[in-house]
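Colleague: Fold the stuff below for me.
(2 chains)
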Amino acid sequence: MATMAEDPNSVDINDDKESQIDQITYNWTDITKEFFDAITGLELGELLHDELFGLFEAMSAIEMMDPKMDAGMLCNRGNNKPYTFAQAVESGTIKLDNLTSAEVIGIIDSTYSCIVSWLEGHSLAQTVFTNLYLHQPGQIGDKPLKTFCYAVYKIIEVIKDCVNKALVFEEEDFQSVTYGYRLQEDITEQRTISMLREVEEELHRKSRIKPVDDETEREYNDGLALYARIRFTKMFYQTLSLMGRKEQLHQNLTDCQRLLSNCTDMIQVMIKTVNRGANADETSNYPNIMGFDPMVNQRLLPPTFPRYTKIKPRIEALEYIDELLNRFKMVTKITGYTGFHGALDFFLEFSRQSPCILSRSMLQIVYLPTTNRVFGTQNFMDVLRDAARNFIAPPALMPKSTLLQNHLAKEYVDSFLIHCVSLFASLLQLSGHNRARQRDKLAHLLEDFATLQDEAERVDGYLHTLSLKSDTPRPHLACFGTWILYHTLRVMVMYLLSGFELELYSVHEYHYIFWYLYEFLYGWLVSAITRADSFLMEQDVHTDLHKGRGGRKNSKSKKKKSAPRPYNLEILMYQAMQNICGGYYKALVGFRIDDKIPLPESQFDSERVRYEHRLLPFSALLTPPPVHYQEFLEMTNAQMHKRNEKVTSEMQYLAGCRHFHQARNMLERALSLHPANTNIVNEINDLLKVSKTNFIVLKLLAGGHKKDSKEPPVFDFSSHQHFPLIKLI
Amino acid sequence: MEAATVDSNDEVSKSDITKGKVKSMKNSNVEDIATLDIESRLSLQTSENCPEPHTNGLHQVNGICDSPERGTDAITGLMNKTQNMDTSHSNKSENVGAPTIESKDSDIQYVSYTSELQMPDIMKLIQKDLSEPYSIYTYRYFIHNWPKLCFLAMHEEECVGAIVCKLDIHRKVIKRGYIAMLAVDVKYRKRKIGSNLVRRAIRAMVEDDADEVVLETEITNRPALRLYENLGFVRDKRLFRYYLNGVDALRLKLWLR
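Modeller: Presented below is the predicted three-dimensional model:
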């Protein structure tokens, strides 16, 4: 039933087409002699070089008949010649009927191996469609296998749609080309599920016949294992299909949670019974079971070196799916985050685990199934308006405010919020990309933040003037501005920290990165939040004054406003990280004094040039203003050479030591606030470990430990992806 | 561990030529060819859609790339660096701070590319341990366009090291040099021949007003990273799963201004 569509990319897989090709009669003429005669007229090194023949062409070119380059040489040779579906059937290489359960299990598990390999960025042609059974599922007699093959098509389709819709992939993440493979007749989702259910029930019925001897016992167990696979396939497909649907999202996700938990039960059974599949014990880079041929689609690939994709072993693939289910379960939890700030943190935290492309995409389409509707229902603009109100209580957004009765004011605020929608949607989408790509995108996003900051300030200014003229004059300066600044700073911090995570910085660069974080970014963050906090307090006072007229809506912040101020925890966290960065900076200055950090040779290297390029993305911003290298140099030199006092490395280590000590105190205080979010608790504990360890190391250094060793310290990122443990060798 | 040094390192970058080729186009031209769909990448017709597919080079051509046992430790990932590779270049760090060293081995002569007659030597050297070779056109693309950026290290009559580069305008504003291949014969390693070749190439690019010099290498290729970082290169970008074997690459960059 599945055939190749007629497109230029899909080459002859069908037998009829193959025979057509056989009929072509060639009329070759040997021109070798003429060729060699002709080239005697050329000078040494003389070339005909077409301008359009560039690097891409040069690298795409192959030297024909060289078996190392010419894939065709391999395809057509002896035993390597791949079978088409029909040839494989004819020769008896694959069975269409009377397959044992063990064989079907092996084929199913291997197919999941291929699906997982596809999800890891390989092409469908070299993964899933190396399964010949998928080429003509209609011809298969074995009902479970046939039904499974149909379902695989549907699963691929729904995954492809989901990933294409979320648009958080690059070509290294995902390849959606199907090479013309498709089911000829459209089988609906309902039909697919009912077919699967039918097979499932049949297998279930068989399992009621209890085994009587060893032979039937084996069959019985194989039957159960097969049942688990069909049942899993059904529910996995249902989950994928439900999760990606934008209608009745909340109801769907509740159903998904149930389905996911059942899927997990089944995948556990599959993992336990993986050895029931035929040839499960053999290890190879490629499915070794009947029906799979790694070379079968070689001709669908660009003309290049012969190679095939390494396919994940069955057990690893099943474990991968088990993890995938857990990630899906995590994704469904996003519905608990109605506030934007909470949702944003959720997105960022989710991304930190480097999830796969499918779960990343799923989170995107669950939260914003259409561009402007959160969960498909709430207007994204309203959600952001609430976020701004909860963050800093801009007078204009408060109930009973008369400011927005002014048409121009309303227009300005609306336009600002529309721009916010687009920027924050980009930020959410950005967090769905792979970690390496995120860094580039963060840099670009800062340009948009610069524009939005400018707009925020103008809107604030206008509202301020307006408010002062009103009956209840209240300042409106730097309200929206502070909110945007807060997010800008967070993006700046993310940008710098991502360099550690991606292993981009050399040790001799650490000092200016940590300096920037310590002296500026975290400090500015704290002051932005503090300003927001004082606005909130002012709003409380204002509401109390007008009691009975206004509500206390502003205090319903996600931060659970109990006795302490809402931002206490966040401020403590940033202060702790500021101190941690200060600790590294001081330690690095100490290492410099002790000559422990190897520097590049000076012929081509310039620290100034490096600094300027590393911090280039910040230059688009007006607030905070970029800090220039000169300033870094002066402040660092001031650290290293004090007037009337000899500065020693020990003094630096001691200063660093104090920073880590303070960080520890703050983290412990943060912990004592009992954060509700377990991610934050984990983060605090990780940072505590870093602070305590580095405290001890710096204390040792301050005491002169390893003073004379020129061995560079090691920065070990195993405890935290951004903040390393300092180790001395 | 001789096997782990510079030129055996070509292997991976080479063998990944296809993925890389297609990849680098997109990688570096994202804006320009954002409309290019994935399908088109898979056929050669792509080049027609892409007005200037070579601008950014096939960075994975870069010769400095190791992991002779690709396939086996290919997917072991980021933190897992093969220790023995360090040792092969351990002398590098000792010499840091002595920028002027040419080779102490005065028996090594560094010469510029002069004619096609040197091509077989260069190819032989670079191709030595490759599982998938570059076609002759790849060498010619670089060497015929930028003969002045190709240098050879000679020991008597034998070519024991080579570097192949290009230099052109990137995104209409930046004059970007690119180190495409670097190889040193296994018998002549640990003598700073690689570093000397790179220095010469950079100096030639500086004379031609280069703004920056870039290249790609596997994140697991410690010797290459060390060589380039000693010269002032920084890791500008990480290229996720750049190579077919699933290993990430790093784009190294030396900013000259």
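Colleague: burial of residue A:268, as a residue count?
Modeller: 14 (other CB atoms under 10 Å in any protein chain shown). Using the backbone N, CA and C atoms, a C-beta is placed for each residue, glycine as well.
Colleague: For it, grab phi and psi.
Modeller: The phi/psi pair for residue A:268 (degrees, to the nearest 10) reads phi -60, psi -40.
Colleague: How about the contacts made by it?
Modeller: residue A:322 (CB atoms under 8 Å, 6 or more residues apart in numbering or on different chains).
Colleague: what helix or strand is the residue in the stretch 101-250 of chain B positioned nearest to chain A on?
Modeller: Using CB to the nearest CB, residue B:232 is the residue of the stretch 101-250 of chain B that sits closest to chain A, at 3.0 Å. Using DSSP states H and E, residue B:232 sits in no helix or strand.
Colleague: residues in contact with it?
Modeller: Each residue near residue B:232 by CB under 8 Å, 6+ apart is listed here: A:600-601, A:603-606, A:610, B:254.
Colleague: how about a cut-off of 6 Å?
Modeller: By CB atoms under 6 Å, 6 or more residues apart in numbering or on different chains, the residues touching residue B:232 are A:600, A:604-605, B:254.
Colleague: And the nearest residue to it once chain neighbours are set aside, how far from residue A:511?
Modeller: Among residues not flanking residue B:232 along the chain, residue A:605 sits closest, at 3.0 Å (CB to CB, 6 or more residues apart in numbering or on different chains). To residue A:511, residue A:605 is 15 Å away according to CB to CB, to the nearest Å.
Colleague: Next: residue A:145.
Modeller: As judged by CB to CB, residue A:145 and residue A:511 stand 62 Å apart.
Colleague: and if you look at residue A:242?
Modeller: According to CB to CB, residue A:242 stands 51 Å off from residue A:511.
Colleague: where does residue B:214 fall, helix, sheet strand or coil?
Modeller: For residue B:214, the assignment made with DSSP: H, G, I helix; E, B strand; the rest coil gives strand.
Colleague: pretty sure it contacts residue B:255?
Modeller: No - using CB atoms under 6 Å, residue B:214 is not in contact with residue B:255; the gap is 9.8 Å.
Colleague: more crowded one of residue A:242 and residue A:511?
Modeller: residue A:511 (21 against 18).
Colleague: what's the nearest residue to the more buried one if we skip its chain neighbours?
Modeller: Per CB to CB, 6+ apart, closest to residue A:511 is residue A:588, 4.0 Å.
Colleague: Can you name the helix or strand that that neighbour falls in?
Modeller: Secondary structure from DSSP H and E places residue A:588 in helix A:568-593.
Colleague: Could you look up the next helix or strand downstream of that helix?
Modeller: Following helix A:568-593 toward the C-terminus (DSSP H and E): helix A:607-614.
Colleague: can you tell me which strand in chain B is longest?
Modeller: strand B:158-170 (DSSP state E).
Colleague: So which bits of the stretch 51-200 of chain A are right by chain B?
Modeller: Contact residues (CB under 6 Å from any CB of the partner chain) of the stretch 51-200 of chain A with chain B: A:54-56, A:58-63, A:68, A:121, A:171-172, A:177.
Colleague: Just send these back as a markdown table, with pLDDT too.
Modeller: Compiled in a markdown table, these are given as follows (pLDDT from 0 to 100):
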| residue | pLDDT |
| --- | --- |
| A:54 | 88 |
| A:55 | 87 |
| A:56 | 86 |
| A:58 | 87 |
| A:59 | 83 |
| A:60 | 80 |
| A:61 | 82 |
| A:62 | 78 |
| A:63 | 80 |
| A:68 | 71 |
| A:121 | 90 |
| A:171 | 87 |
| A:172 | 89 |
| A:177 | 88 |
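Colleague: where exactly do the strands run in the stretch 51-200 of chain B?
Modeller: B:108-112, B:151-155, B:158-170, B:174-184 (DSSP state E, counting those that start in this stretch).
Colleague: what's the most buried one of the ones you listed?
Modeller: Sort the strands of the stretch 51-200 of chain B by mean neighbour count, taking mean count of other CB atoms under 10 Å in any protein chain shown, and strand B:174-184 sits at the top with a mean of 26.
Colleague: is stretch A:358-371 anywhere near chain B?
Modeller: No - Stretch A:358-371 stays clear of chain B (CB under 6 Å from any CB), getting no nearer than 12.8 Å.
Colleague: Now that stretch: buried residues?
Modeller: Neighbour-count burial for stretch A:358-371, counted by 16 or more other CB atoms under 10 Å in any protein chain shown, picks out A:358-369.
Colleague: Including pLDDT, could the residues you listed go into JSON lines?
Modeller: Listed next are the buried residues of stretch A:358-371 as JSON lines, based on pLDDT from 0 to 100:
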{"residue": "A:358", "pLDDT": "97"}
{"residue": "A:359", "pLDDT": "97"}
{"residue": "A:360", "pLDDT": "97"}
{"residue": "A:361", "pLDDT": "97"}
{"residue": "A:362", "pLDDT": "97"}
{"residue": "A:363", "pLDDT": "97"}
{"residue": "A:364", "pLDDT": "97"}
{"residue": "A:365", "pLDDT": "95"}
{"residue": "A:366", "pLDDT": "95"}
{"residue": "A:367", "pLDDT": "96"}
{"residue": "A:368", "pLDDT": "94"}
{"residue": "A:369", "pLDDT": "92"}
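Colleague: Farthest pair within those?
Modeller: Using CB to CB, the buried residues of stretch A:358-371 reach their maximum pairwise distance at A:358 and A:368, which is 16.9 Å.
Colleague: where's residue A:683 relative to chain B, distance?
Modeller: Residue A:683 sits at a distance of 21 Å from chain B (criterion: CB to the nearest CB, to the nearest Å).
Colleague: Looking at that residue now. What's its pLDDT?
Modeller: pLDDT, the model's per-residue confidence, is 96 for residue A:683.
Colleague: Same check on residue B:130?
Modeller: Looking at residue B:130, the pLDDT reads 64.
Colleague: what separates residue A:469 from residue A:459, distance-wise?
Modeller: 16 Å.
Colleague: Buried ones from the residues of the stretch 51-200 of chain A next to chain B, can you make that a PyMOL selection?
Modeller: Buried subset of those, written as a PyMOL selection, criterion 16+ other CB under 10 Å:
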select buried, chain A and resi 54+55+56+58+59+60+61+62+121+171+172+177
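Colleague: And the pLDDT at residue A:666?
Modeller: 97.
Colleague: distance of it from chain B?
Modeller: Distance from residue A:666 to chain B, counting by CB to the nearest CB: 29 Å.
Colleague: neighbours of that residue, just the number please.
Modeller: Residue A:666: 24 neighbours (other CB under 10 Å).
Colleague: list the buried ones in the helix or strand where it lies?
Modeller: Applying DSSP H and E as the criterion places residue A:666 in helix A:649-672. Buried residues in helix A:649-672, counted by 16+ other CB under 10 Å: A:649-664, A:666-667, A:670-671.
Colleague: and the closest residue to residue A:711 other than its chain neighbours, how far is that from chain B?
Modeller: Nearest non-adjacent residue to residue A:711, counting by CB to CB, 6+ apart: residue A:729, 5.1 Å away. Using CB to the nearest CB, we find residue A:729 at a distance of 13 Å from chain B.
Colleague: State the number of residues packed around residue A:729.
Modeller: 8.
Colleague: Could you check the pLDDT of residue 20?
Modeller: Since no chain was named, I'll use chain A. Note on residue A:20: pLDDT of 48.
Colleague: Hmm, no, I was thinking of chain B.
Modeller: Looking at residue B:20, its pLDDT is 36.
Colleague: and what of residue B:42?
Modeller: Reading off the model, residue B:42 has pLDDT 29.
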